[in-house]
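Novice: dropping a prediction and its sequence here:
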Amino acid sequence: MCGLPGSGKTTLAKVLESRLRAVRFSPDEWMDALSLNLWDEERRARIEALQWRFAQELLAQGLTVIIEWGTWGRSERDTLRLGARALGAAVELHYVSAPADVLFARIQRRDIEKPPIEPDAMSRWFEIFQVPTPEEMALFDKPLVADLTCG
């Protein structure tokens, strides 16, 4: 999954999880279950590393996994793609997006971020986020299930 907060990653990931009988890895859900601050980047990195270890074990057994991390950067997406391919897995990239005002409204509505997201954070996120190019998308397999409209 690839997209900014509020873009619909979780909505799409849950649909794909059900349709593909996949195992979905979401650091936000694990952090919430452990009562951790969603913005604790050190703990998030440790949880994502643990999730990736589990995901690789499942992929090696021929199972389907969904990595629901947002994958904001090309290098992160490359690492996951190459790691999964090394295990013989097909790899899809589902990029979901929405305008900044829609993302902000969705984030406010779900009300899980503590402290709440400020509007200027959204602007910074758009500057940092690396949108997948058509050339990058061509490196991935065609989706088994066509993307669905989220939102």
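Specialist: Sure, I can see it. A quick note: this is a predicted structure, and the numbers were derived from the prediction, not measured.
Novice: from here on, contacts and neighbour counts on C-alpha atoms
Specialist: Fine.
Novice: in contact with Arg19, which residues?
Specialist: By Cα atoms under 8 Å, 6 or more residues apart in numbering, the residues touching Arg19 are Val145.
Novice: recalculate using a threshold of 10 Å.
Specialist: The contact partners of Arg19, taken as Cα atoms under 10 Å, 6 or more residues apart in numbering, are Ala13, Leu144, Val145.
Novice: hmm, which of these is lowest in pLDDT?
Specialist: Within the contacts of Arg19, Val145 has the lowest pLDDT, namely 84.
Novice: isn't that one right up against Arg21?
Specialist: No. At 11.9 Å, Val145 does not count as touching Arg21 under the criterion of Cα atoms under 10 Å.
Novice: anything in contact with each of these two?
Specialist: With Cα under 10 Å, 6+ apart, Val145 and Arg21 have common neighbours Val15.
Novice: scan the protein for its longest helix.
Specialist: In the chain, taking DSSP state H as the definition, the longest helix is helix 41-60.
Novice: and whatever helix or strand comes next after that helix, what does it pack against?
Specialist: As assigned by DSSP states H and E, the chain's next helix or strand after helix 41-60 is strand 65-67. Packing contacts for strand 65-67, counted by 3 or more Cα pairs under 10 Å, 6 or more residues apart in numbering; DSSP states H and E, involve helix 9-20, strand 23-25, helix 41-60.
Novice: wait, which of the ones you listed is closest to Val96?
Specialist: Among the helices and strands packed on strand 65-67, helix 9-20 comes nearest to Val96, with 6.4 Å by Cα to Cα.
Novice: ok, Leu103 - contacts?
Specialist: Leu103 is in contact with Leu4, Pro5, Gly6, Ser7, Gly8, Ser97, Arg109, Met122, counting by Cα under 10 Å, 6+ apart.
Novice: pLDDT on the longest helix of the chain, on average?
Specialist: Throughout helix 41-60, pLDDT has a mean value of 97.
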